[in-house]
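Participant: I need the structure of the sequence given here:
(chains A and B)
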Amino acid sequence: MSAPRRPADPSGLERYYVLTGGRSGPGGSASTLDVATLVVSRAVPLPGMQHEHEEILRRCREPLSVAELGAHLHLPFNILAVLLSDLLQAGRVEARDPIPAHDAGRGADLALLEEVLSGLQRL
Amino acid sequence: MDFKGFDRPGAPAAGDTRSVKVMIAGGFGTGKTTMVRSVSDIKPLTTEETLTQASAGVDHLIGVADKTQTTVSLDFGKISLNDTLMLYLFGTPGQERFWFLWNGLFKGALGAVVLVDTRRLASSFRAIEEMERQRVPFVIALNVFPDSRDHPVEEIRDALDVPPHTPVVAFDARDRAASRDVLVTLVRHLKDRSAAALEPR
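Facilitator: Now for the predicted structure:
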């Protein structure tokens, strides 16, 4: 079976339109995606899958941030978010948001900051 | 089973890996990308957000042709803090007017480093204002360029009008250890803030 082909003109709005089926923004769980959200595959690529979906599953065998995925796949954040939302809804990937700075008005978790600090000091 | 072949023996379970992010802000040409490059474990990468707007007053027949694209780029790097914790560093776009276009750019960041070129203090005013407006805790790092005059830190603190508890340090963004130390200063500052927030009033 042959892999899906890339559009002849692999840049610009036409390409993005084709990739996302004309959808402009993700819905549901993907709308909270951050550039530092880690994505990890929970399934193997299926035959006949959209090329970009397959590529995401392949690259995310190890957790990879949305920013890294975007850089490797040459896709802007908003387009990638639409593709990730498909995979999230199908349960094919898992996403983990960065640990936020504030938790209901309190400062960041001291234990986390301690962990970050010792990691930096080992550099 | 779907997971087969994905988990390697001895490797931490993928689901355990966590990330934190720190923003590197500052005016155009203050050394944001230089700092990201000097501390990152990976070759810095660029990710983009494409913003599409319908352009007013222009008549086109085909849908895609009447839109304009603005691309906002973020240079970023990564530091493995330990087996399960990744620190992502994002250099903000030089033109601050684009920041608001990237939805939630600062949300979820532990904090920010605002880089200042002491020869052009004003170029970082906007970045400082933006951190204050978005309530992102930050430290000021004076990137010392070869022809920078020696500026006393307190004098610069006054000129930048930052609160007394905000750390202001001088460093060379090209130097890995110096850039690492700026991040250490930021995390210590965050710890102090957290500790202060936990104290009874």
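Participant: Quick check: residue B:149 is in a strand.
Facilitator: No: the assignment for residue B:149 by DSSP: H, G, I helix; E, B strand; the rest coil gives coil, which leaves it out of any strand.
Participant: who touches it in this structure?
Facilitator: Contact partners of residue B:149, counting by Cβ atoms under 8 Å, 6 or more residues apart in numbering or on different chains, are B:118, B:119. Backbone N, C-alpha and C define where each C-beta goes, glycine included.
Participant: Residue B:181 too?
Facilitator: Taking Cβ under 8 Å, 6+ apart as the criterion, residue B:181 is in contact with B:169, B:171.
Participant: so which helix or strand takes in it?
Facilitator: Assigned by DSSP states H and E, residue B:181 belongs to helix B:176-198.
Participant: List the buried residues for that helix?
Facilitator: Within helix B:176-198, the residues that qualify as buried are B:178-187, B:189-191, B:193-194, counting by 16 or more other Cβ atoms under 10 Å in any protein chain shown.
Participant: for the chain, what spans make up the strands?
Facilitator: Because you didn't say which chain, this covers chain A. Defined through DSSP state E, the strands belonging to chain A, from first to last, are A:38-41, A:64-65, A:93-96.
Participant: should've been chain B
Facilitator: Counting by DSSP E, one finds strands in chain B at the ranges B:18-26, B:45-54, B:67-82, B:85-91, B:109-117, B:138-143, B:168-171.
Participant: Determine the angle, from 0 to 180 degrees, between the longest one and strand B:85-91.
Facilitator: By that I understand strand B:67-82. Our comparison of strand B:67-82 with strand B:85-91, counting by axes from the mean of the first three to the mean of the last three Cα atoms, to 10 degrees, yields an angle of 140 degrees.
Participant: Do strand B:67-82 and chain A come into contact?
Facilitator: Yes: under the criterion of Cβ under 8 Å from any Cβ of the partner chain, strand B:67-82 makes contact with chain A via B:67, B:69, B:71, B:74, B:76, B:78, B:79, B:80, B:81, B:82.
Participant: Now do residue 111: how many residues are near it, please.
Facilitator: Reading this off chain A. For residue A:111, the neighbour count with other Cβ atoms under 10 Å in any protein chain shown is 8.
Participant: if you could check chain B rather than the one you did, that'd help
Facilitator: The number of residues packed around residue B:111, counting by other Cβ under 10 Å, is 23.
Participant: give the contact list for the closest residue to it other than its chain neighbours.
Facilitator: Once flanking residues are discounted, residue B:111 sits nearest to residue B:137: 4.3 Å by Cβ to Cβ, 6 or more residues apart in numbering or on different chains. In this structure, residue B:137 makes contact with A:101, B:110, B:111, B:112, B:131, B:189, B:190, B:193, judged by Cβ under 8 Å, 6+ apart.
Participant: Using a markdown table, please lay out those together with distance to residue A:52 and pLDDT.
Facilitator: A markdown table is the format used below for the contacts of residue B:137 (distance: Cβ to Cβ, whole Å; pLDDT from 0 to 100):
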| residue | distance to residue A:52 | pLDDT |
| --- | --- | --- |
| A:101 | 32 | 62 |
| B:110 | 31 | 93 |
| B:111 | 34 | 94 |
| B:112 | 32 | 96 |
| B:131 | 35 | 90 |
| B:189 | 40 | 96 |
| B:190 | 37 | 93 |
| B:193 | 41 | 88 |
